[in-house]
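Novice: Provided below for reference: sequence and predicted model.
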Amino acid sequence: MTEPSHRFELDDTTRRKVEAMIEAEERYLAAVRQGSDVGPPAPARLTGRRYFLAAAAGAATGGLPRIVRAKAPAGAVERQVPADPTREQGVPTGEDGGYGSRSQFETETRWRFGTATRESSWTMTPLDRSTGIITPSGLHFERHHAGIAIIDPAQHSLLVHGLVEQPKKYSVAEVRRFPSLSRILFIECSGNGLTEWSKPTLKTVQGTHGLTSVSEWTGVPLARVLEEAGLKPGAKWVLAEGSDAAVMTRSIPLDKCLDDAFIAYGQNGEALRPAQGYPLRLVLPGWEGNTHIKWLRRLEVSDVPFQTREETSKYTDLMPDGRARQFTFVMEAKSVITFPSGEMKLPGPGFHEITGLSWSGRGKITRVQVSADGGSRWADAHLQTPVLPICHTRFRFPWYWDGTPAVLQSRATDETGYIQPTIKQLVDVRGLNGPLGSVYHLNGIQSWAIAADGSVTNAHHF
Amino acid sequence: MLTISRTARWLRVSACAAMVTTGCATPQSRDVPEVGYGAARFNLGTTPTAGEVSHYFSYPADGRGLPPGSGTYAQGENVYRTRCLACHGDKLQGTPTGDRLIGGRGTLVNNSPTKPPMKTIESYWPYATTIFDYVKRAMPFNAPGSLADDEVYAVIAYILGEANIIGKDELIDAKTLPAIRMPNRDGFVGDPRPDVAR
């Protein structure tokens, strides 16, 4: 085990990015700590509440309402808290204008990777406090290359052309007329965990794993939309293009397009969020997030890939021999314990239910094992239903902590028989081409070190 | 021919989904709730005009579709200084807001956990056409899509000239651009995963 260190020997650009990421997490943690609640610490302590007056003051004065905070958490409305909610009427029905908000006591948010511009940046999902398998749409991780495009769906269209019999232009309304499907799927950025290749770097599971999220996506099969235009012989690739200021493009093999790809317009029961590609995005189940082109406006069928910037200079995995793997689409099986995880503190020895998430781009998770001794002994965790293919599967494991230092790990197996490797196994095969290794597709086993005082830290333990 | 195979594919998907619901294990289990529409067509969408199609662009490595126009190193230096320098630096060395563009040859072969590789247009990008495609669609960051085709050709001549990939007297156009052999042209391989055996 090595002490987490923030010192990297990096070129200037990469160093600035990693340092900015560390700083962004620190700022978030500092804000949470500053507002930490009065009273017994919850097992998960990331529950910042900032009052003008402490709750104790309210208790001392008896029946007075607790005083509101300076500012409501994002997504919440700050309201006076009555001393006894059974003694006065609550908020009038419809006060929210017809679109609800979360409790003012829930404060977790995505935090932004501290890139130089806010337009080309990303945010991480707070997995530490997640429950179940669905990510709230407002907490879905984001990766934008040129900000969030603002698009009027009435003015938006989808063009299909190239090696097709009949080029087509679809309005958003016409796209929605195709037979629909819904799938509950994870999307994971292939850069998830890029700071963790050579040493433990970020402190929380939000920082190490927060670039994966789950939504129910609703849309129409891409195959239908392509076949409506009629594919010509020789068609092998489809370029998908977004309508943001990056005019994001990726080349997708036709086989995937005709297999399970779809064009989504719905997310968790409503239209896509703007940050997720409103009004149309591509969904390629199990493939790296960058290929799920947001704000989709164009599909060009071709005989060759287009060798776009994103599939050559980025999203390629550079090996020590100087060769880079290209078109590394599939997200392999992975898991992580979300409780307990980095920066939390167990209140003491005794029973704790370990829980976490597992997922595979190749299908269903069939098994998750948990170790409390750094991988020497493993025990099967319980898989919480539903267990869906290409989706987060939540696992649970009853743990009686004896109060001595421990190293918690989880290891996923998917239906192809693939077993999640250790980071060392990955590095043994792929090497470390610099501190960030081959950057993308780190799916190694995560270790959380539990100290005797119950504090939890990010660790490397093989 | 194509229609028949597509029909077969959809039937296969439907059968596969049925197997999942009855508990049969499949190597790639799926829950695609596909209704059996076969190869039906829906007569949706309209035919775009030629202008609506030609408004868009993407240029593969063979350069097909590249627009008319051309540019030189000298013209490109002027474009670079006014449109690119603020983010990419006066020596193309990069700044906090823009990637380094040149240098880094010889840094890709590297198995050091501390020394990073330097991935730039010069050292890493396999095709010069990608520069045209990307600059035309997304650069400069503060005014994406605002460069004329001549300006894009010119700034490529400047960048590749500074990278010593081409001479500073070479003209870049639709014909010469795809013919440029980038230093890392053969640096890419396919995906061998799963690559970790147990």
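Specialist: Structure received. Residues are numbered from 1 along each chain as shown, chains lettered A, B, ... in the order given.

Novice: Could I get the full set of strands for the stretch 201-350 of chain A?
Specialist: All strands of the stretch 201-350 of chain A, identified by DSSP state E, counting those that start in this stretch, fall at A:212-221, A:237-242, A:249-253, A:262-267, A:270-271, A:281-283, A:296-302, A:317-318, A:324-325, A:334-339, A:350-359.

Novice: What strands line up against the third one, and which way round?
Specialist: Okay, so that is strand A:249-253. strand A:237-242 (antiparallel) (DSSP bridges).

Novice: What are the contacting residues of the strand it pairs with?
Specialist: Residues from elsewhere that reach strand A:237-242, judged by CB atoms under 8 Å, 6 or more residues apart in numbering or on different chains: A:149, A:162, A:222, A:226, A:247-254, A:257, A:277, A:282, A:291, A:293-306, A:308, B:56, B:58. All C-beta atoms are positioned from the backbone trio N, CA, C, and that covers glycine.

Novice: let's see 6 Å
Specialist: With contact meaning CB atoms under 6 Å, 6 or more residues apart in numbering or on different chains, strand A:237-242 is reached by A:248-252, A:254, A:257, A:282, A:293-295, A:297-302, A:305-306, B:58.

Novice: Show me the helices in chain B, by range?
Specialist: For chain B, the helices defined by DSSP state H occupy B:2-21, B:50-54, B:73-79, B:85-88, B:129-138, B:149-162.

Novice: On the three-state scheme, the closest residue to residue A:330 other than its chain neighbours is what?
Specialist: Take residue A:330 and drop its neighbours on the chain: the residue closest to it by CB to CB, 6 or more residues apart in numbering or on different chains is residue A:361, 4.6 Å away. Three-state call for residue A:361 (DSSP: H, G, I helix; E, B strand; the rest coil): coil.

Novice: what's the single longest helix in chain A?
Specialist: Longest helix in chain A by number of residues, with DSSP H as the criterion: helix A:12-34.

Novice: Looks like residue A:232 contacts residue A:163 (just checking).
Specialist: Yes. Look at residue A:232 against residue A:163 with CB atoms under 6 Å: they come within range, at 4.2 Å.

Novice: Quick check: buried residues in the longest helix of chain A?
Specialist: Of all the residues in helix A:12-34, those buried under the rule 16 or more other CB atoms under 10 Å in any protein chain shown are A:13-14, A:16-18, A:20-22, A:24-26, A:28-29, A:32.

Novice: so what's the most centrally placed residue in chain B up against?
Specialist: Nearest to the mean C-alpha position of chain B, counting by CA atoms, centre = their mean, stands residue B:130 at 5.3 Å. Residue B:130 is in contact with A:307, A:309, A:312, counting by CB under 6 Å, 6+ apart.

Novice: ok, those vs residue A:268, which is closest?
Specialist: Checking those against residue A:268 with CB to CB, the nearest one is residue A:309 at 31.3 Å.

Novice: In terms of pLDDT, where does the closest one sit?
Specialist: At residue A:309, the predicted lDDT confidence score is 98.

Novice: Which residue comes closest to it once chain neighbours are left out?
Specialist: Counting by CB to CB, 6+ apart, residue A:309 lies nearest to residue B:134, which is 4.0 Å off, once chain neighbours are set aside.

Novice: I'd like the distance from the one you found to residue A:385, if you could.
Specialist: Distance, residue B:134 to residue A:385, by CB to CB, to the nearest Å: 45 Å.

Novice: Looking at these two, which has the bigger crowd around it?
Specialist: Between residue B:134 and residue A:385, counting by other CB atoms under 10 Å in any protein chain shown, residue B:134 is the more crowded of the two (22 against 9).

Novice: That one and residue A:147: what is the separation?
Specialist: Per CB to CB, residue B:134 is found 17 Å from residue A:147.

Novice: quick revisit: neighbour count winner among residue A:232 and residue A:163?
Specialist: Legend: neighbour count by other CB under 10 Å for residue A:232 and residue A:163, higher for residue A:163 (19 against 13).

Novice: That concludes my questions; thank you for your assistance.
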